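Novice: My questions are about this predicted structure, shown below with the sequence.
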Amino acid sequence: FERIKEELNLGKPLSQAIADGFRNAYSSILDSNATTFLSGLILLLFGTGLILGFAVTLVIGIFTSLFAAIFISRVILELWTRNGRKIEFFSPLTKNLFKDSAFDFVSKRRLYYTISAVIIGAGIVSILLKGFGLGVDFKGGRTYVVRFEKGVSTDDAREALTASFGRAPEVKTYGNLGVEQLRITTDYLVDQTTPEADKQAEAKLKEGLAKAGGGNTEILSSSKVGPTIADDMIWSSLKAVLLGILVVAAYIFVRFRKIAFVYGAIVAVTHDVLMILAVFSVFNGLLPFNLDIDQAFVGALLTIMGYSMNDTVVVFDRVREYLRDNRQRRESIPAIINNALNSTLSRTAVTGLSTMLVLIVLFIFGGETIRGFSFAMLIGVIVGTYSSLFVATPIVVDALTREQASKGTIADTDGAPATIATPKGRVKPQI
């Protein structure tokens, strides 16, 4: 849709703008989804447990969303406009939003590198000194199946038990429909295995259940459970993720034909993961909601990696387009990439803001169970958008500038070198 807006701004009639918009957007749509699909395929082949389930969902989601974006939306637009009916792609408020923007993303890139390095450095220090809050998925705990005299919501039970245990347990409905049962897992005194610790944990459970509002309760069963995410699963999943990144890097190199884009994509993904880990370590215990590392967090982290790679590749696609079209203008690398970033700024802003609006609603109204997940996703989208503009593409600038300095030429993405020429009177952008 953003590309259709660009075609309309060039003065094209609506039907032609829709056709050209879809055609010109195919490259970035396919490249960004192909990189995500390759990551999902590697996770599907080599992942286990949660990672495998995530990969299945991801791969199905890519095909369904691609079908909807490329085919269904186009059919609807063309059917709507076939008989001369109009459709607006912007309002008076947004028509000129980011039009002719000329932000200089490149010249201050070392400042952005420094900001990211400081945050990541603080996160590393926090991880070494403080660590993470680990959920029952990583630590294990005690599990109880409880029957209530009358219905009680999982949120009410969780709130009452949080006050009793001192931290939120995992609460899920359990058993057949119509039976008022909950399955409760807590890491309270998880490191103690004595009978006294078992009795103390059960006493805290009963104390919380008495305040849950479910009437008389009966503990049907209790057991100790180990971590569902074991060390071998963590390492196998980590290997699958790293292999997926390598495969995506190879695809980017084949498609963009420049190692600079590979550097930018890998740095961006690594940057985003480290930033999220830093936030979850530094702010653990300081915010009024749970920031435990559990299966939901792992799912959020994988989603963020896919979002970051997708957003970065879309920006790279426009950079490649501008590099290819630079044969006549002969602009410097910083000027080319600044122009490319400004041309995609509206798309980046709209995508990021629309995703953040959904996540904000999910964070506020989604309940305690997924609050940590939605918070991780929200921070991840912000960081992913930031890294696409201020980290990944500036890395490409640095890599291409080094190539320029060593060869005295700028090699375009089709492999044909172009000699640098700065026209008289033009101030060369700061490098």
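Specialist: Okay, I see it. Residues are numbered from 1 along each chain as shown.

Novice: ok, the nearest residue to Leu345 once chain neighbours are set aside - contacts?
Specialist: Counting by CB to CB, 6 or more residues apart in numbering, Leu345 lies nearest to Phe98, which is 4.7 Å off, once chain neighbours are set aside. Placement of C-beta: from N, CA and C, glycine included. Residues near Phe98 by CB atoms under 8 Å, 6 or more residues apart in numbering: 342, 345-346, 349.

Novice: How is Phe98 assigned, secondary-structure-wise?
Specialist: Per DSSP: H, G, I helix; E, B strand; the rest coil, the secondary structure class of Phe98 is coil.

Novice: buried stuff in stretch 365-378?
Specialist: By 16 or more other CB atoms under 10 Å, the buried positions in stretch 365-378 come out as 369, 371-378.

Novice: What is the distance between it and the centre of its chain?
Specialist: 14 Å (CA atoms, centre = their mean, to the nearest Å).

Novice: Which residues does it contact?
Specialist: With contact meaning CB under 8 Å, 6+ apart, stretch 365-378 is reached by 154-155, 158-159, 168, 171, 276, 280, 289-292, 294, 296-297, 299-301, 303-304, 356, 359-360, 362-363.

Novice: List buried members of those residues by neighbour count.
Specialist: Among the contacts of stretch 365-378, those classed as buried by 16+ other CB under 10 Å are 154, 158-159, 168, 171, 276, 280, 290-292, 294, 296-297, 299-301, 303-304, 356, 359, 362-363.

Novice: Tell me where the stretch 201-350 of the chain has helices.
Specialist: In the stretch 201-350 of the chain, the helices defined using DSSP state H, counting those that start in this stretch lie at 231-256, 259-282, 295-324, 326-329, 333-343, 345-365.

Novice: Of all those helices, which one comes closest to Asp398?
Specialist: helix 259-282 (8.1 Å; CB to CB).

Novice: mind listing what's buried in the closest one?
Specialist: The neighbour-count criterion (16+ other CB under 10 Å) identifies 260-282 as the buried residues of helix 259-282.

Novice: Val59 is in contact with Leu38, isn't it?
Specialist: No: with the criterion set as CB atoms under 8 Å, Val59 and Leu38 do not qualify as a contacting pair; they are 10.2 Å apart.

Novice: Give me the more crowded residue out of those two.
Specialist: Each of Val59 and Leu38 had its neighbours counted (other CB atoms under 10 Å), and the higher figure belongs to Leu38 (20 against 17).

Novice: tell me which element the more buried one is part of?
Specialist: For Leu38, the host element (DSSP states H and E) is helix 14-46.

Novice: got any ranges where the protein has weak pLDDT?
Specialist: Counting by pLDDT under 70, the chain contains low-confidence residues at 175-179, 228-230, 326-329, 408-431.

Novice: Just give me the residue right at the centre of it.
Specialist: Centrality entry for the chain: nearest residue to the mean C-alpha point is Ile304, 1.9 Å, by CA atoms, centre = their mean.

Novice: Without its sequence neighbours, what residue ends up closest to that residue?
Specialist: Of all residues beyond its chain neighbours, the one nearest Ile304 is Gly380 (3.3 Å), with distances taken as CB to CB, 6+ apart.

Novice: what about the one you found, distance to Ala102?
Specialist: When distance is defined by CB to CB, to the nearest Å, Gly380 is 29 Å away from Ala102.
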